[in-house]
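1. Using only what follows, build the 3D model:
(2 chains)
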Amino acid sequence: KAGVTQTPRYLIKTRGQQVTLSCSPISGHRSVSWYQQTPGQGLQFLFEYFSETQRNKGNFPGRFSGRQFSNSRSEMNVSTLELGDSALYLCASSLLGQGGYTFGSGTRLTVV
Amino acid sequence: GIQVEQSPPDLILQEGANSTLRCNFSDSVNNLQWFHQNPWGQLINLFYIPSGTKQNGRLSATTVATERYSLLYISSSQTTDSGVYFCAVEDDSGYSTLTFGKGTMLLVSP
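-> Model prediction:
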């Protein structure tokens, strides 16, 4: 079966711009979560969606937002980009309570 | 929140050697996974192991939930085993959230 698909793979944006990242989960998985990875902070939880509802949010500013669609695909948006937002953004999908999380290949965002 | 500590932070091995990576966590967990991050950044799931022992080829893992630790064993290491190994846990709060350790950077030299 197809894995978790993230698009785009690479992105270069300018400070102040906004960006939207996409994640398509494994078929049948309704929980999608997002993580940010930076050299300084490691892997940090951003938010989690289940059945189009945000169930949990990490400690990130309001510039970071997301949504989930009825087909379980999810998008995250970062507005007013800062240099510190440069990171690898990883998406994971899971069947709640079963079998763990599967991650996509990530989107590497560079803010210049 | 739950704390996850991995040791050692770095490990250098000769090809063919064995190694043990450790993950300690501070509270009870619903889920524990070991991941290997490949050079392109993808987290490859090695084990889903909230408790017990599992083996997959040269890799095996053991989680002792009551003592709040997990071990990842790599036997007969190969250069392709190089990379960063992460332990991640999901606490029992009911939220689908993984908390990651800082990882173990493994370098296997020929």
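2. what sits up against the least confident helix or strand in chain A by mean pLDDT?
-> Least confident element among the helices and strands of chain A, by mean pLDDT, DSSP states H and E: strand A:98-103 (a mean of 86). Residues outside strand A:98-103 that contact it (Cβ atoms under 8 Å, 6 or more residues apart in numbering or on different chains) are A:3-4, A:26, A:29, A:33, A:90-94, B:31, B:33, B:35, B:42-43, B:45, B:48, B:88, B:98. For every residue, glycine as well, the C-beta is placed using N, CA and C.
3. so of the residues you listed, which ones are in strands?
-> A:33, A:90-94, B:31, B:33, B:35, B:43, B:45, B:48, B:88 (DSSP state E).
4. ChimeraX command for the buried members of the contacts of strand A:98-103?
-> Only the buried entries of the contacts of strand A:98-103 go into this ChimeraX selection, using 16 or more other Cβ atoms under 10 Å in any protein chain shown:
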select /A:4,26,29,33,90,91,92,93,94 /B:31,33,35,42,43,45,48,88,98
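5. Now B:Ser70: closest residue in space that isn't a chain neighbour?
-> Using Cβ to Cβ, 6 or more residues apart in numbering or on different chains and skipping the chain neighbours, the partner closest in space to B:Ser70 is B:Thr63 (4.1 Å).
6. So which elements touch the helix or strand where that neighbour lies?
-> Per DSSP states H and E: B:Thr63 is located in strand B:59-64. On a contact count with 3 or more Cβ pairs under 8 Å, 6 or more residues apart in numbering or on different chains; DSSP states H and E, strand B:59-64 meets strand B:43-48, strand B:52-56, strand B:69-74.
7. That strand: which residues count as buried?
-> B:Leu59, B:Ser60, B:Ala61, B:Thr62, B:Thr63.
8. Dump the residues you listed to TSV, plus pLDDT.
-> Output for these, formatted as TSV (pLDDT from 0 to 100):
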residue	pLDDT
B:Leu59	98
B:Ser60	98
B:Ala61	98
B:Thr62	98
B:Thr63	98
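9. returning to that earlier point: of the ones in strands among the contacts of strand A:98-103, closest to A:Ser72?
-> Proximity of the ones in strands among the contacts of strand A:98-103 to A:Ser72 was ranked by Cβ to Cβ; the top entry is A:Ser93 with 7.6 Å.
10. ok, that closest one touching A:Trp34?
-> No: checked against Cβ atoms under 8 Å, the pair A:Ser93 and A:Trp34 is beyond contact range at 10.7 Å.
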